[in-house]
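Visitor: When you get a sec, could you give me coordinates for this:
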Amino acid sequence: MSNKKLILLAAGGHGRVVLDALMAQNLPIQGILDPALAVGSEVLQQKVIGSDEWLLQQDSGLWLLANGVGTTPGGMLRRRLFERWKAAGFSFASVRHPSAVVARGVTLMEGSQLMAGTIVQTGAVIGENTVVNTGARVDHDCRLGAHAFIAPGAILCGDVCVEADVFVGAGAVLRQGITVGAGAVVGAGAVVTRNVDAVVQVLGHPARPRCANAP
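Guide: Below is the predicted model:
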């Protein structure tokens, strides 16, 4: 971690998980920015110091941001927040909970987040602003694109390619060597045994594309 001052952006459900991971790393946190919370209030004993307007008045070279926005299938708010503040010159912290197991030879890009109990094996690449959530497993040589979200308990076997903006639901299993195209959604509990096209939602065991008229 650099000598820049650390700020958490958003303190909802995922934001509190990120905040707890930062605190577990014993990192000094200067405060929280969240327009939904009153200035001076506290989350996990950390003070809310303002909202976006406050950050716009700061020198971007002095601050390091942690993205507290989570993701739902097809959601883009997390990505937009990251891109907005990158364009303004700010940098993002990569978050790694102390209980995460990270092998030698793993590449963690800017703003990536490994939550409690995750396992990431050698040769894996975790893209910028990508989340590997609680207890998920990413095996050897997997490649996760930018802004992907791997939900709790998901398992990616070796040499899986997850492209940008993919959402992998809780408990899903992706067989070794497959590719999930950009913007696709893998439903919770799905077992994916073949490649998934971009911007497609797959469900079931084995996973198949969701029909347009499905509930």
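Visitor: Geometrically speaking, which residue is the centre of the protein?
Guide: Computing the C-alpha centroid of the chain and ranking residues by Cα atoms, centre = their mean puts residue 131 first, at 2.0 Å.
Visitor: ok, now which ones touch the closest residue in space to residue 147 that isn't next to it in sequence?
Guide: In space, and not counting its chain neighbours, residue 147 is closest to residue 79: 4.3 Å by Cβ to Cβ, 6 or more residues apart in numbering. All C-beta atoms are positioned from the backbone trio N, CA, C, and that covers glycine. Going by Cβ atoms under 8 Å, 6 or more residues apart in numbering, residue 79 touches 129, 146-147, 165.
Visitor: so residue 79 sits in a strand?
Guide: No - counting by DSSP: H, G, I helix; E, B strand; the rest coil, residue 79 is located in no strand; its state is helix.
Visitor: Distance of it relative to residue 165?
Guide: For residue 79, the distance to residue 165 equals 7 Å [Cβ to Cβ, to the nearest Å].
Visitor: do the same with residue 107
Guide: Taking Cβ to Cβ as the measure, residue 107 falls 19 Å from residue 165.
Visitor: who has more neighbours, those two?
Guide: Comparing residue 107 with residue 165 by neighbour count (other Cβ atoms under 10 Å), the higher total belongs to residue 165, at 25 against 13.
Visitor: Excluding covalently adjacent residues, which one is nearest to the more buried one?
Guide: residue 183 (4.7 Å).
Visitor: what do you get for residue 152?
Guide: Going by Cβ to Cβ, 6+ apart, residue 152 has residue 134 as its nearest residue, at 4.2 Å.
Visitor: Tell me which residues touch the one you found, please.
Guide: Residues in contact with residue 134 (Cβ under 8 Å, 6+ apart) are 17, 115-118, 152-153.
Visitor: burial measure for residue 70, as a count.
Guide: Using other Cβ under 10 Å, residue 70 is surrounded by 19 other residues.
Visitor: which parts of the lowest-mean-pLDDT helix or strand in the chain are buried?
Guide: When each helix and strand of the chain is scored by mean pLDDT, DSSP states H and E, helix 52-56 comes last, with a mean of 91. Using 16 or more other Cβ atoms under 10 Å as the burial criterion, the residues of helix 52-56 that qualify are residue 55.
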